[in-house]
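Engineer: how does the following fold in three dimensions:
(one chain, ligands or ions: 1)
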Amino acid sequence: MQVQFTDITLRYAQQTVLDRLNFTVQDGELVALLGPSGSGKTTLLNLLAGLLTPSAGHLLFNGTDVTHQDPRHRHVGMVFQDYALYPHLSVLDNIAFPLKMAHVNRATRYAQAQKYAQLVHVDDQLTKFPRALSGGQQQRVALARTLIKQPALLLLDEPLSNLDAALRLELRDEIRRIQRLTGVTTLLVTHDQDDALRIADRIIVLANGRIQQSGTGAALYRHPQNQFVAQFIGTPPINLIDVAAIRPFIHAEIPPERLQQAATFGIRSEALTFTTTNQPILGQLPITLERQLQIGRDQQTLVHSPIGRLISSQVPLTGTQSPTTLFLQAAGSFLFAADGRCLWDGDADA
Ligand SMILES: Nc1ncnc2c1ncn2[C@@H]1O[C@H](COP(=O)(O)OP(=O)(O)OP(=O)(O)O)[C@@H](O)[C@H]1O
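Structural biologist: Presented below is the predicted three-dimensional model:
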């Protein structure tokens, strides 16, 4: 089902939580809604489920205006962070429960429950009660219980938040597999960029009630439209430097009028390189090494420079001599205006 927000605004008393949102989720798409705490993610899901009505604007499902439609008629399924399983019912009865409420006969609802249990890989747990399951298994059951209703739209509200790291990784892949198999249009709410980047076809970044940018993980990382997105997406975090401080170290081709307008220079850790490559270089900085870390397969080096402390992921772990200069590569460098807009992107505009 295609979902369309047209100029949707939601206010609580004086606070505008969502401010004229416009976006479309295509039929079968898996979109992550990524934003910091309080950015309005849950509010947006509640609008889709029909638990809230917007202050202004329209919500369309397959082109039909459902802004004021009763939640029961929307065919929307929701899965929450805390599973919300019925503790006194077995796995099979939990999954079959929505069909019982819909007065589907016993044989059919158990056959369907078996089918969905297989889909989410809990078919070997059918007689257990929720307390005897791991968090990941409980979330699988919650997913099956929602999917058995064959929703036209699936809403996942921080479904991985209560899981430990290993289960989280496993369920991320599972959510994607199950969504692909069922083809259900899905909106996943998360504040975790890793979840969004690994699961979704496309990410919508929400902050301060506005869509900051919508795109693939690669587009958001390589071509952020503003400083918020540049800071929010990517680990280690982007280096942000006052333009006036870095200007004396820049020798190459940035349009002078852009430099004039800019307040902040952003540089990704991988754009601070130890040696020159065949990539365009903007300039170079004298540095002293502070600390080097190996974090899994990634290396991070903290350096002191005349423009402050920086992080590079391109300095080899020492052994030989310490580097005294780092090169600023154009790709991965950005200029931001005082209001946060990206004025120049070293990869796209150079
Ligand atoms: N019923 C309400 N009355 C007044 N303000 C509310 C109400 N519900 C939410 N808000 C406010 O709306 C804003 C967005 O809340 P929402 O729960 O949608 O954010 P969120 O992005 O889901 O945050 P989190 O990740 O912390 O759950 C917050 O500032 C919150 O305080």
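
Engineer: so what's the residue of the stretch 101-250 of the chain found nearest the ligand up against?
Structural biologist: Going by CB to the nearest ligand atom, the ligand is nearest to residue 191 of the stretch 101-250 of the chain, at 5.1 Å. Heads up, the C-betas are built off the backbone N, CA and C, glycines and all. For residue 191, the contacting residues are 34-37, 41, 158, by CB atoms under 8 Å, 6 or more residues apart in numbering.

Engineer: let's go with 7 Å and repeat that
Structural biologist: Taking CB atoms under 7 Å, 6 or more residues apart in numbering, we find residue 191 in contact with 35-37.

Engineer: same check, this time on residue 121
Structural biologist: Contacts here follow CB under 7 Å, 6+ apart; on that basis residue 121 touches residue 140.

Engineer: residue 280 versus that one, what's the distance?
Structural biologist: According to CB to CB, to the nearest Å, residue 121 and residue 280 sit 49 Å apart.

Engineer: swap in residue 75?
Structural biologist: Plainly put, residue 75 is 52 Å away from residue 280 if you go by CB to CB.

Engineer: burial measure for whichever residue of the stretch 251-350 of the chain sits closest to the ligand, as a count.
Structural biologist: Of all residues in the stretch 251-350 of the chain, residue 340 sits closest to the ligand, at 19.3 Å by CB to the nearest ligand atom. By the criterion of other CB atoms under 10 Å, residue 340 has 17 neighbours.

Engineer: now it. Its backbone dihedrals?
Structural biologist: Residue 340 adopts backbone torsions of phi 100, psi -20, taken as degrees, to the nearest 10.

Engineer: any idea of the pLDDT on residue 292?
Structural biologist: Note for residue 292: predicted pLDDT of 88.

Engineer: ok, the residue nearest to it when sequence neighbours are not counted - contacts?
Structural biologist: Nearest residue to residue 292, sequence neighbours excluded (CB to CB, 6 or more residues apart in numbering): residue 301, at 4.9 Å. Going by CB under 7 Å, 6+ apart, residue 301 touches 289, 292, 312, 315.

Engineer: is residue 140 in a helix, a strand, or coil?
Structural biologist: Classification of residue 140 using DSSP: H, G, I helix; E, B strand; the rest coil returns helix.

Engineer: from here on, call the first residue 198.
Structural biologist: With the count now opening at 198, the last piece we talked about shows up as residue 337.

Engineer: check which helix or strand the most centrally placed residue in the chain maps to.
Structural biologist: With distances taken as CA atoms, centre = their mean, residue 393 lies nearest the centre of the chain, 3.2 Å away. For residue 393, the host element (DSSP states H and E) is helix 390-396.

Engineer: picking up where we left off before, which one of the contacts of residue 498 has the most neighbours?
Structural biologist: Among the contacts of residue 498, residue 509 has the most neighbours (other CB under 10 Å), with 26 neighbours.

Engineer: in the sheet, who's paired with the nearest residue to it once chain neighbours are set aside?
Structural biologist: In this structure, residue 509 finds its nearest non-sequential neighbour in residue 469, 3.8 Å apart by CB to CB, 6+ apart. Taking DSSP bridges as the rule, residue 469 bridges to residue 525.

Engineer: OK, contacts around residue 469?
Structural biologist: Contacts of residue 469 (CB under 7 Å, 6+ apart): 507, 509, 511, 523, 525.

Engineer: mind checking how far it is from residue 401?
Structural biologist: Per CB to CB, residue 469 is found 30 Å from residue 401.

Engineer: what of residue 385?
Structural biologist: Separation of residue 385 from residue 401 (CB to CB) stands at 10 Å.

Engineer: the more surrounded of these two?
Structural biologist: Per other CB under 10 Å, whichever of residue 385 and residue 401 has more neighbours is residue 385, with 28 against 24.

Engineer: quick check: beta-bridge partners of that one?
Structural biologist: On the basis of DSSP bridges, residue 385 is bridged to residue 229, residue 353.

Engineer: quickly note the distance from it to residue 457.
Structural biologist: Here residue 385 is placed at a distance of 41 Å from residue 457 (CB to CB).

Engineer: check residue 303 too.
Structural biologist: Distance of residue 303 to residue 457, given as CB to CB: 74 Å.

Engineer: what about residue 532, which helix or strand?
Structural biologist: According to DSSP H and E, residue 532 maps onto strand 530-533.

Engineer: summarise which helices and strands whichever helix or strand comes after that strand is packed against.
Structural biologist: Sequence order places strand 539-542 as the next helix or strand after strand 530-533, per DSSP H and E. Packing contacts for strand 539-542, counted by 3 or more CB pairs under 7 Å, 6 or more residues apart in numbering; DSSP states H and E, involve helix 453-458, strand 530-533.
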